[in-house]
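Engineer: Got a sequence here, can you model it:
(2 chains)
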There are 2 protein chains.
Amino acid sequence: MKKALPKKDILLISTSTTHGTGYLEHCQNEIKELLGDRKSILFIPYARPGGISHTDYSAKAREAFEAMGIRLSGVHEAENAVAAVEQAEAVFIGGGNTFLLLRQLYANKIIEPLQKRVEQGMPYMGTSAGTNVAGKTIGTTNDMPIVFPKSFDALQLVPFNINPHYLDPLPDSTHMGETRETRIQEFHVHNRQPVVGLREGSMLRIKGEKINLLGPHSARIFLQGKLAMEFKPTDDISFLLEAY
Amino acid sequence: MKKALPKKDILLISTSTTHGTGYLEHCQNEIKELLGDRKSILFIPYARPGGISHTDYSAKAREAFEAMGIRLSGVHEAENAVAAVEQAEAVFIGGGNTFLLLRQLYANKIIEPLQKRVEQGMPYMGTSAGTNVAGKTIGTTNDMPIVFPKSFDALQLVPFNINPHYLDPLPDSTHMGETRETRIQEFHVHNRQPVVGLREGSMLRIKGEKINLLGPHSARIFLQGKLAMEFKPTDDISFLLEAY
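Structural biologist: Numbering: from 1, shown residues only, chains lettered A, B, ... in the order given. As a prediction, this is how the structure comes out:
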């Protein structure tokens, strides 16, 4: 029996807003390519950046998508969140606090519906926290644990973890807190899956069994027990999609 | 009936090592004052900074305390962690990863024994993660959630939260990740207790119903629904010990 072709169609964006550009501006072409001729997207505003309301956050996202000719509805506006996911043409999970986001995904019981739709080929895009929850766990988020989710297991749309807003050590810093690289190395004392450090402006584009790094920067990839490696956008990183 | 006088005797240090000084060097006088004529301290190395072993971490701490004439034993060396806490003259919880530390405190069932001993007047000191877990919850840690603890509720030796290594926004940063202040404001959308942003070099000294800020810096204190406030070491901040 032939294995069904994987249909995943995913765009994982490090940050919604790079320095000096507007909301979703730097990744507009990639979003258009992902959505193709689809005319609507379901927005999940649970991460509430800065604590803003679901309504205010959706209004901000709506403005950006309407400029691209795409209708946007917030999942909180739907009577039934599960049905909204099941009927969506595409889904976008926005950034904010990853712990709050994951807790609300569990509370509204849309983890499995999202996984199923993405398996079936529905386009998924995330920025920041929305990129983080696409990974195996939220164990490499930079966010504060402001609420307690029932698990750190995330959507697992990809079999690795992501560290969005990846930050290189500041050469002149006198601050004694851990660098991002040190934190990820600590993660690998207790966890096995690869971690992709995705710099601001970078994106991962997953199509079936292929994964490409987009944007101007290289990505820093951490494998357990190995030194960190830099991969350029032209490098083949599809090994990340193999099971760990 | 007269209320029993509170006996808490606590030193909460933002960081073990400030820029340009050795391990526990900047807070040596404060540690000596806390310990008085006690001759031994129990060290809890569960936070494992950089993933180092309990043994290696304890050796590092032992060197610093021996130089002060204090014997140090690691709780992992004891056959029974609960008995070790019950018999300790003083306890020191070192920094590292706050999630790992709290998980191990629960796993080794020493949360309640530690609370009881501190209530009875046993000196407690913490640095970084060890300062974080002295608060109400670990909800304002800067650490990565590399392991899943069964709760974010911490030792609650004080009725507020602490953010160690508190960092002011960098004026020239082009990084789009949240500032520390924004993160704490997000925390207050979902949580009520005050948060003390403790800069590197700062300490909180709690004696009964009094609390003093020590070290060269002011502390940034966040109350829910209020603008952040700066308090100098000479200011009275004992209001923080009132129940919230």
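Engineer: where along chain A do the strands fall?
Structural biologist: A:9-13, A:40-44, A:71-74, A:91-93, A:124-127, A:161-166, A:195-199, A:203-207, A:210-214, A:219-222, A:229-231 (DSSP state E).
Engineer: With only the CA atoms kept, save the longest one in CSV.
Structural biologist: As requested, C-alpha coordinates have been extracted for strand A:161-166 and formatted as CSV (Å, rounded to 0.1, in the frame of the first residue of the first chain):
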residue,chain,number,x,y,z
ASN,A,161,10.7,23.1,18.7
ILE,A,162,11.1,26.7,17.7
ASN,A,163,12.6,29.6,19.4
PRO,A,164,11.1,32.7,17.8
HIS,A,165,12.8,36.2,18.1
TYR,A,166,16.1,34.3,18.3
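Engineer: partners of it, with directions?
Structural biologist: strand A:195-199 (parallel) (DSSP bridges).
Engineer: Below-threshold pLDDT in chain A: ranges please.
Structural biologist: Applying pLDDT under 70 to chain A flags the ranges A:1-6, A:244.
Engineer: Would you map the helices across it?
Structural biologist: Along chain A, the stretches classed as helices by DSSP state H are A:28-35, A:54-66, A:81-87, A:98-107, A:111-119, A:129-132, A:180-190.
Engineer: So is the last one next to chain B?
Structural biologist: Yes - contact check for helix A:180-190 against chain B, using Cβ under 8 Å from any Cβ of the partner chain: residues in range are A:182, A:183, A:184, A:185, A:186, A:187, A:188, A:189, A:190. To be clear about C-beta, it is placed using only N, CA and C from the backbone, and glycine gets the same treatment.
Engineer: Looking at the residues you listed, spot the one nearest residue A:138.
Structural biologist: Proximity of the residues of helix A:180-190 next to chain B to residue A:138 (Cβ to Cβ) peaks at residue A:187, which lies at 11.2 Å.
Engineer: any idea how far that closest one is from residue A:79?
Structural biologist: To residue A:79, residue A:187 is 39 Å away according to Cβ to Cβ, to the nearest Å.
Engineer: what about these two, which has more around it?
Structural biologist: Legend: neighbour count by other Cβ atoms under 10 Å in any protein chain shown for residue A:187 and residue A:79, higher for residue A:187 (24 against 6).
Engineer: Surely that one and residue A:138 touch.
Structural biologist: No - taking contacts as Cβ atoms under 8 Å, residue A:187 lies outside contact range of residue A:138: 11.2 Å.
Engineer: Closest to the centroid, which residue in chain A?
Structural biologist: residue A:131 (0.9 Å; Cα atoms, centre = their mean).
Engineer: which non-adjacent residue is nearest it?
Structural biologist: In space, and not counting its chain neighbours, residue A:131 is closest to residue A:12: 4.2 Å by Cβ to Cβ, 6 or more residues apart in numbering or on different chains.
Engineer: ok, that neighbour - contacts?
Structural biologist: Residue A:12 sits next to A:125, A:126, A:131, A:134, A:158, A:162, A:198, A:203, A:204, A:205, A:206 when contact means Cβ atoms under 8 Å, 6 or more residues apart in numbering or on different chains.
Engineer: ok, now with 6 Å
Structural biologist: By Cβ atoms under 6 Å, 6 or more residues apart in numbering or on different chains, residue A:12 lies in contact with A:126, A:131, A:134, A:204.
Engineer: now, among these, which is nearest to chain B?
Structural biologist: Top of the list for closeness to chain B, among those and by Cβ to the nearest Cβ, is residue A:131 at 12.8 Å.
Engineer: Quick check: the gap between the closest one and residue B:186.
Structural biologist: Distance of residue A:131 to residue B:186, computed by Cβ to Cβ: 18 Å.
Engineer: Check residue A:86 too.
Structural biologist: Taken as Cβ to Cβ, the span from residue A:86 to residue B:186 is 31 Å.
Engineer: Contacts for stretch A:149-163 next, please.
Structural biologist: So stretch A:149-163 is contacted by A:10, A:99, A:102-103, A:106, A:114, A:118, A:131-140, A:193-198, A:240, A:243-244, B:145, B:148 (Cβ under 6 Å, 6+ apart).
Engineer: Show me which of those residues are buried.
Structural biologist: Buried by 16 or more other Cβ atoms under 10 Å in any protein chain shown: A:10, A:99, A:102-103, A:114, A:118, A:131-140, A:193-198, A:240, B:145, B:148, out of the contacts of stretch A:149-163.
Engineer: coming back round to it: give me the more crowded residue out of residue A:86 and residue B:186.
Structural biologist: residue B:186 (25 against 14).
Engineer: Within range of chain B, give me the residues from chain A.
Structural biologist: A:15, A:17, A:19, A:51, A:97, A:139, A:144-148, A:152, A:165, A:174, A:176-177, A:183, A:186-187, A:189-190, A:200 (Cβ under 6 Å from any Cβ of the partner chain).
Engineer: For the residues you listed, which PyMOL command selects only the ones that are buried?
Structural biologist: In PyMOL, this line selects whichever of those come out buried by 16+ other Cβ under 10 Å:
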select buried, chain A and resi 15+17+51+97+139+144+145+146+147+148+152+165+176+177+183+186+187+190+200
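Engineer: For the residue nearest to residue A:128 when sequence neighbours are not counted, list the residues it contacts.
Structural biologist: Spatial nearest neighbour of residue A:128, chain neighbours left out: residue A:95 (2.9 Å); criterion: Cβ to Cβ, 6+ apart. Contacts here follow Cβ under 6 Å, 6+ apart; on that basis residue A:95 touches A:16, A:47, A:49, A:127, A:128, A:129, A:130.
Engineer: Of those residues, which is the most crowded?
Structural biologist: Within the contacts of residue A:95, most neighbours by other Cβ under 10 Å means residue A:128, with 33 neighbours.
Engineer: So that one is in contact with residue A:166, correct?
Structural biologist: No - with contact defined as Cβ atoms under 6 Å, residue A:128 does not reach residue A:166; the gap is 11.4 Å.
Engineer: Count the residues that sit near the closest residue in space to residue A:215 that isn't next to it in sequence.
Structural biologist: Setting aside the residues directly before and after it, residue A:215 is nearest to residue A:202 in space (Cβ to Cβ, 6+ apart), at 4.1 Å. The number of residues packed near residue A:202 is 28, by other Cβ under 10 Å.
Engineer: now residue A:181
Structural biologist: 17.
Engineer: likewise residue A:110?
Structural biologist: Neighbours of residue A:110 (other Cβ under 10 Å): 22.
Engineer: Nothing else from me, thank you.
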